[in-house]
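Peer 1: Pasting a predicted model and its sequence here:
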2 protein chains.
Amino acid sequence: MEFSSKIIEQAVDAFSKLPGVGKKTALRFVLHVIKQDKTEADKLSALISRLKTDLKFCESCFNISESSICEICANPVRDSALICVVQDYRDILAIEKTGLYKGHYHVLGGLISPLEGIGPSNLTIEPLVEKLKSGSISEVILALNATMEGETTSFFIFKKIAPYNVKLSAIARGIAVGDELEYADEVTLGRSITNRIPFDSLLKK
Amino acid sequence: MEFSSKIIEQAVDAFSKLPGVGKKTALRFVLHVIKQDKTEADKLSALISRLKTDLKFCESCFNISESSICEICANPVRDSALICVVQDYRDILAIEKTGLYKGHYHVLGGLISPLEGIGPSNLTIEPLVEKLKSGSISEVILALNATMEGETTSFFIFKKIAPYNVKLSAIARGIAVGDELEYADEVTLGRSITNRIPFDSLLKK
């Protein structure tokens, strides 16, 4: 696209670096910013800067945090012997929303994906193994996507963790609550039969 | 959604004001900004501010411009007696790309849409009428979307312009180049027959 102004061109380029945003959408964003109040534009501009200056990654679990240790890691009520391994910050939000997990987290920052050029060294797997060396961890729960990348990453971590005396579990795969068996895929249904659970565990929340 | 950090919450709010961006997409943008280099984030932040400080609307045609009169209006080679009325800046880009129009533009800034609360007074229709009063305009071309809003706006302008001795035309509606008749809708096909054109006009570019 050719623009009449250099600033529009640069702003479209900058916006189109956001995930899922092409040049056309970026131009819509730019026109929106030009039309809106100056205070709104300044607010967005300032917040983008602050995201980089005021936020950091937790030194212990790599969660996004305003301090060097995140609120979850710093909370003395939470069980520090339990680590839930997740892909990114959004998964922590999702699990925290259930209100059923009271341990710590470990954020990988991605999943192993040769296609996208992401290998184990791009993730925070080494620091996870370091944590286990201390001997204070009793269980690691793998809560990764049920995709090829998620399973590959889970298996890689399983092999890395095997030498240490730590219980390793994974979140249950199965029929989603509210789903009908008829429409479930074979793999999911097969696994839900193999990994069947005592009925009374369904009665507790 | 509940976020662990006030800054993330505010940034998600600010991003979700962009058109077509919901809270989930806004959070993806925020996480992307946190992950990317500080220089990239600063660039985006600075450009958003500059969009408001360095750009203005052309005093004559309301095009987006770096100076008070836009490049098109300031170009002495272009025909200032010809005005093409468009909805917004993107339409100017599209028409300029054809390389077939050498007149001036007039940007309405939207279309009449009672559903969205946009009336004639929200658009730059009055300044367009003012231009006609000078008597230096020979033709006004309406190049608005072929939608309900576009047609309503065209009709409103037609009524406003009628008292002045100015030729009023609209861009042709018809079968798009490359389209098959079989798949054209009835209204378009009907109009393309009613408004048929001399065959030799198809031979020129």
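Peer 2: Perfect, thanks for sending it. Residues are numbered from 1 along each chain as shown, chains lettered A, B, ... in the order given.
Peer 1: Identify the residue spatially nearest to the spatially most central residue of chain A, adjacent ones excluded.
Peer 2: Closest to where the C-alpha atoms of chain A average out (C-alpha atoms, centre = their mean) is A:Asp88, at 1.7 Å. Leaving aside its chain neighbours, A:Asp88 sits nearest to A:Val107 (6.1 Å; criterion: C-beta to C-beta, 6 or more residues apart in numbering or on different chains). C-beta coordinates here come from the backbone N, C-alpha and C atoms, glycine included.
Peer 1: so what's that neighbour bridging to?
Peer 2: A:Val86 (DSSP bridges).
Peer 1: List the residues that contact it.
Peer 2: A:Val107 sits next to A:Phe57, A:Cys58, A:Cys61, A:Phe62, A:Asn63, A:Val86, A:Gln87, A:Asp88, A:Tyr89, A:Ile92, A:Thr124 when contact means C-beta atoms under 8 Å, 6 or more residues apart in numbering or on different chains.
Peer 1: what do you get for A:Leu189?
Peer 2: A:Ile175, A:Leu181.
Peer 1: make it 7 Å
Peer 2: A:Leu181 (C-beta atoms under 7 Å, 6 or more residues apart in numbering or on different chains).
Peer 1: Is it in a helix, a strand, or coil?
Peer 2: helix (DSSP: H, G, I helix; E, B strand; the rest coil).
Peer 1: what's the spacing between it and B:Lys24?
Peer 2: According to C-beta to C-beta, to the nearest Å, A:Leu189 stands 29 Å off from B:Lys24.
Peer 1: what do you get for A:Asn63?
Peer 2: 19 Å.
Peer 1: Who has more neighbours out of those two?
Peer 2: A:Asn63 (22 against 11; other C-beta atoms under 10 Å in any protein chain shown).
Peer 1: can you give me the strands in chain A?
Peer 2: A:56-57, A:64-65, A:79-86, A:103-107, A:139-142, A:167-170 (DSSP state E).
Peer 1: how about TSV for these, with mean pLDDT added?
Peer 2: TSV is the format used below for the strands of chain A (pLDDT from 0 to 100):
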stretch	mean pLDDT
strand A:56-57	92
strand A:64-65	93
strand A:79-86	94
strand A:103-107	96
strand A:139-142	93
strand A:167-170	90
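Peer 1: need those strands in CSV with distance to B:Lys102, can you?
Peer 2: Converted to CSV, those look like this (distance: least, C-beta to C-beta, whole Å):
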stretch, distance to B:Lys102
strand A:56-57, 55
strand A:64-65, 53
strand A:79-86, 59
strand A:103-107, 57
strand A:139-142, 65
strand A:167-170, 67
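Peer 1: right, quick check: whichever helix in chain A runs longest against chain B, any contact?
Peer 2: Secondary structure of chain A per DSSP state H: the longest helix is helix A:38-54. Yes. Among the residues of helix A:38-54, A:38, A:40-45, A:47-52, A:54 lie within reach of chain B under C-beta under 7 Å from any C-beta of the partner chain.
Peer 1: Give me the angle between that helix and helix B:38-54.
Peer 2: 170 degrees (axes from the mean of the first three to the mean of the last three C-alpha atoms, to 10 degrees).
Peer 1: A:Ser138 contacts A:Ala81, correct?
Peer 2: Yes. Between A:Ser138 and A:Ala81 a contact is recorded at 4.2 Å, counting by C-beta atoms under 7 Å.
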